[in-house]
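Undergrad: just coords:
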């Protein structure tokens, strides 16, 4: 197996950083990417400005690789997703060159000649990455190890409160969006509903509120599953990412000024579509009528279908890597910040297979780009045989300024630190990311 590369799935921020770390250590790496260029998912939310500043958005090994090409690192300001791609991810991909293969969609991963059931000789066999190229041809890529950095962007959660699409949600899909909008001018004079409480929803509400101020006929309704707005606005002055705190402050203002109507304790059960527009019904019988468009921004979930022939350990509630689940579970706590994680916590029963990046967090809303960079640094060290570096922690994450579990729907969600504001989405997945 030593002659086979480490195959990395996804040419996003974490996948490219993994390739940079492995390359720096002299380990052959191959990145396979479904899209036609680096940061394909980031490009889809390119109009959104991140709340992490440039220094938190550049991996250390990637920086060293780029600086050898004469690249000048941006050192201040908060880029949009498009700027992150053009000024960092694209140059990094160019520096990695032929180590990246675009237009390659991974359809499955297995041990060579062994399905999930077979024990005999399993660990001695390389991985086989099944993929389809841009022309639709099947191929098999042999790998000594696999790093899944494919993210969660392609799997948004539905509006339905029980995790499945609400009754009528699929039929009304032409009036429902699952992404942060760019130009909202087409909604002038309309009644728009936003479902969700994370940064995606907050950012969308703020964009729509600007439209509502310009056009008095525009109506914005914000539906929250939780029973109160008290835990909606983040950590304020205690948040060590200033721009993340600003989002909560701005959201509070638009609610206080009446630009946006907030309805709490509303868990969507059904969406009816008729000539008068959409009618949204809650599990408790509440009703919002005359709706022109819905933004369902309730988070993302990982696609684990490609992993079905591997032996993996995921948390039963979060779909996160089991080794990090207790640290990131919002039902348990959100005390200040989560800790950095590395190869030891990310290890799977399938030796030398790792899930990193937003996908490692499953449905948990606490992921930051910095977290992913530390993950791939440690995993690359492990795969290179540097156990000391793999075990070392080289990152302290910025404090969120929030505390208290967020799993409860009621007015007083319990948590590890009492009744302080609860966890809200932290970013570097494609939601007002960090």
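TA: The structure has been received and is ready for your questions. Remember, predicted model here, so these are calculated numbers, not experimental data. Numbering: from 1, shown residues only.

Undergrad: what's the spacing between the helix or strand bottoming out on mean pLDDT in the chain and its chain's center?
TA: The helix or strand of the chain with the poorest confidence is helix 242-256; it has a mean of 76 (mean pLDDT, DSSP states H and E). Computed by CA atoms, centre = their mean, to the nearest Å, the separation of helix 242-256 from the middle of its chain amounts to 21 Å.

Undergrad: All the strands of the stretch 151-300 of the chain, residue numbers only.
TA: Ranges of strands in the stretch 151-300 of the chain, per DSSP state E, counting those that start in this stretch, are 176-177, 191-195, 219-223, 260-263, 268-274, 277-282, 287-291, 293-296.

Undergrad: Columns mean neighbour count, distance to residue 328 and mean pLDDT on top of those, output as JSON lines?
TA: Every C-beta, even on glycine, is put in place using the N, C-alpha and C of the backbone. What follows is those, written out as JSON lines (neighbours: other CB atoms under 10 Å; distance: least, CB to CB, whole Å; pLDDT from 0 to 100):
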{"stretch": "strand 176-177", "mean neighbour count": "20", "distance to residue 328": "27", "mean pLDDT": "98"}
{"stretch": "strand 191-195", "mean neighbour count": "25", "distance to residue 328": "23", "mean pLDDT": "98"}
{"stretch": "strand 219-223", "mean neighbour count": "24", "distance to residue 328": "25", "mean pLDDT": "97"}
{"stretch": "strand 260-263", "mean neighbour count": "17", "distance to residue 328": "27", "mean pLDDT": "94"}
{"stretch": "strand 268-274", "mean neighbour count": "19", "distance to residue 328": "25", "mean pLDDT": "96"}
{"stretch": "strand 277-282", "mean neighbour count": "20", "distance to residue 328": "29", "mean pLDDT": "97"}
{"stretch": "strand 287-291", "mean neighbour count": "16", "distance to residue 328": "32", "mean pLDDT": "97"}
{"stretch": "strand 293-296", "mean neighbour count": "25", "distance to residue 328": "23", "mean pLDDT": "98"}
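
Undergrad: so can I have CSV of those showing distance to residue 379?
TA: Converted to CSV, those look like this (distance: least, CB to CB, whole Å):
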stretch, distance to residue 379
strand 176-177, 35
strand 191-195, 35
strand 219-223, 39
strand 260-263, 42
strand 268-274, 38
strand 277-282, 43
strand 287-291, 45
strand 293-296, 33
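
Undergrad: so which of the ones you listed gets nearest residue 314?
TA: The closest approach between residue 314 and any of the strands of the stretch 151-300 of the chain, judged by CB to CB, belongs to strand 293-296 at 24.2 Å.

Undergrad: Show which residues not belonging to that closest one make contact with it.
TA: Here strand 293-296 makes contact (CB atoms under 8 Å, 6 or more residues apart in numbering) with 156-159, 169, 172, 175-178, 180-181, 187, 190, 192-196, 201, 204, 271, 278, 280.

Undergrad: 7 Å instead?
TA: By CB atoms under 7 Å, 6 or more residues apart in numbering, the surrounding residues in contact with strand 293-296 are 158-159, 175-178, 181, 187, 190, 192-196, 204, 278.

Undergrad: ok now stretch 315-325, how far from the chain's centre?
TA: Offset of stretch 315-325 from its chain centre (CA atoms, centre = their mean): 15 Å.

Undergrad: swap that for stretch 89-109, please
TA: Its chain's C-alpha centre and that of stretch 89-109 lie 19 Å apart, by CA atoms, centre = their mean.

Undergrad: ditto for stretch 266-276
TA: Centroid displacement of stretch 266-276 relative to its chain, using CA atoms, centre = their mean, is 27 Å.

Undergrad: Mind listing residues that contact that stretch?
TA: 159-161, 166-169, 171-172, 175, 195, 223-225, 278-283, 286, 290.

Undergrad: What separation is there between residue 260 and residue 174?
TA: For residue 260, the distance to residue 174 (CB to CB, to the nearest Å) stands at 24 Å.

Undergrad: go on, residue 302?
TA: 27 Å.

Undergrad: who's more crowded, the two?
TA: residue 302 (25 against 8; other CB atoms under 10 Å).

Undergrad: sorry, back to before: could you check the angle the least confident helix or strand of the chain makes with strand 219-223?
TA: With axes from the mean of the first three to the mean of the last three CA atoms, to 10 degrees as the basis, helix 242-256 and strand 219-223 are set at 110 degrees to each other.

Undergrad: Can you spell out which helices and strands pack onto helix 242-256?
TA: In terms of contact count using 3 or more CB pairs under 7 Å, 6 or more residues apart in numbering; DSSP states H and E, helix 242-256 is assigned the packing partners helix 199-214.

Undergrad: Skip the chain neighbours and tell me the closest residue to residue 79.
TA: Once flanking residues are discounted, residue 79 sits nearest to residue 50: 6.0 Å by CB to CB, 6 or more residues apart in numbering.

Undergrad: these two touch, right, the one you found and residue 77?
TA: No - with contact defined as CB atoms under 7 Å, residue 50 does not count as touching residue 77 (10.0 Å).

Undergrad: neighbour-wise, which of the two wins?
TA: Using other CB under 10 Å as the criterion, residue 50 and residue 77 rank with residue 50 on top: 28 against 10.

Undergrad: Look up how far residue 343 lies from the more buried one.
TA: Note on residue 50: its distance to residue 343, by CB to CB, is 27 Å.

Undergrad: any idea which residue of this structure is furthest from its center?
TA: Relative to the centre of the chain, the most outlying C-alpha is that of residue 120, 36.5 Å out, by CA atoms, centre = their mean.

Undergrad: what's the helix or strand for the nearest residue to residue 130 once chain neighbours are set aside?
TA: In this structure, residue 130 finds its nearest non-sequential neighbour in residue 108, 4.2 Å apart by CB to CB, 6+ apart. Residue 108 is located in strand 105-111, with elements delineated by DSSP states H and E.
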